[in-house]
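J.: Predicted model and sequence follow; I will ask about them next.
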Amino acid sequence: AQSVTQLGSHVSVSEGALVLLRCNYSSSVPPYLFWYVQYPNQGLQLLLKYTTGATLVKGINGFEAEFKKSETSFHLTKPSAHMSDAAEYFCAVSRMDSSYKLIFGSGTRLLVRP
Amino acid sequence: NAGVTQTPKFQVLKTGQSMTLQCAQDMNHNSMYWYRQDPGMGLRLIYYSASEGTTDKGEVPNGYNVSRLNKREFSLRLESAAPSQTSVYFCASSGRQGRGNTEAFFGQGTRLTVV
């Protein structure tokens, strides 16, 4: 069965500092991996995704993530945090078959200090 | 292009009442999902439908039923609401795997309170 673990329910950084949100997955077959962002009282928006090909994936708003198969990780990073990045971030995993389920981690709330 | 539309946006129910949450997508996606979101627990899959005419249980199906009415619509029914079903519910849809459209699109959510 697939699963996702996000380390840290809350992460606090200063504006301009590096953002690192951790995600580890479990999947018996090659995974598809996603990061979504949720702003207060809104739905989820895709930040970036890894399906196949290049393991370093760039997304919107300056975020990127690297798929590391040996570490079963897909950590999200951004070099310099902005106040507008404050939100909840979700890592998710699915797989390459026609009846895949999209399974989410428990989420990490990012706080950005001025 | 509306994407994924959920109704209602807010609902208060009394324990034991029933209701149906509606979801429609206009992106010609094959797969549709219902999730519930609770603090500290992320999004948990209730039911999903990989294609028109099929539905399968997710992680937390107890107390819910679903209907994939056609390719566009996927409804979630609470037959006898309980306070434990107080949550925010999200519907999502995505294209068929292997055709380059693996991103799931989400509705704006339904905030349900059961008293």
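T.: Received, thanks.
J.: Pull up the residues of chain A that are close to chain B.
T.: A:6, A:9, A:32, A:34, A:36, A:42-46, A:49, A:51, A:90, A:92, A:94-107 (C-beta under 8 Å from any C-beta of the partner chain). (C-beta placed from N, C-alpha, C; glycine too.)
J.: Skipping adjacent residues, who's closest to residue A:17 in space?
T.: Distances taken as C-beta to C-beta, 6 or more residues apart in numbering or on different chains put residue A:81 closest to residue A:17, at 5.4 Å, once the chain neighbours are dropped.
J.: Kindly state the neighbouring-residue count (a burial measure) for residue A:62.
T.: Here the number of neighbours of residue A:62 (other C-beta atoms under 10 Å in any protein chain shown) works out to 14.
J.: Now residue A:10: closest residue in space, sequence neighbours ignored.
T.: Using C-beta to C-beta, 6+ apart, the nearest residue to residue A:10 is residue A:109, at 4.9 Å.
J.: what sits against that neighbour?
T.: A:9-11, A:87-89 (C-beta atoms under 8 Å, 6 or more residues apart in numbering or on different chains).
J.: Please type out the PyMOL selection for whichever of those residues turn out to be buried.
T.: Selection of buried members from those for PyMOL, criterion 16 or more other C-beta atoms under 10 Å in any protein chain shown:
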select buried, chain A and resi 11+87+88+89
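J.: List the buried residues of stretch B:13-30.
T.: Buried, per 16+ other C-beta under 10 Å, within stretch B:13-30: B:13, B:21-25, B:29-30.
J.: I'd like to know how far residue B:24 sits from residue A:102.
T.: 19 Å (C-beta to C-beta, to the nearest Å).
J.: I misspoke; the intended subject was residue A:95.
T.: Taking C-beta to C-beta, one finds residue A:95 at 10 Å from residue A:102.
J.: What about the buried residues of stretch B:13-30, which are in helices?
T.: Using DSSP state H, no member of the buried residues of stretch B:13-30 falls within helices.
J.: Beta-bridge partners for the residue nearest the centre of chain B, please?
T.: By C-alpha atoms, centre = their mean, chain B has its centre lying nearest to residue B:34, at 2.5 Å. With DSSP bridges applied, residue B:34 shows beta-bridge pairing to residue B:47, residue B:91.
J.: about what we covered before: between the buried residues of stretch B:13-30, which is closest to chain A?
T.: residue B:30 (8.2 Å; C-beta to the nearest C-beta).
J.: Was I right to think that closest one contacts residue B:48?
T.: No: contact criterion C-beta atoms under 8 Å: residue B:30 and residue B:48 do not qualify, at 11.0 Å.
J.: Comparing residue A:95 and residue A:102, which residue is more hemmed in?
T.: More neighbours surround residue A:102 than the other of residue A:95 and residue A:102, with 24 against 19 (other C-beta under 10 Å).
J.: for chain B, what are the low-confidence residue spans?
T.: Along chain B, segments meeting pLDDT under 70 span B:1, B:96-101.
J.: Near chain A, which residues of it are found?
T.: Near chain A, when you scan chain B using C-beta under 8 Å from any C-beta, you find B:4, B:31, B:33, B:35, B:40-45, B:48, B:50-51, B:56, B:58-59, B:90, B:92, B:94, B:96-98, B:102-104, B:106-109.
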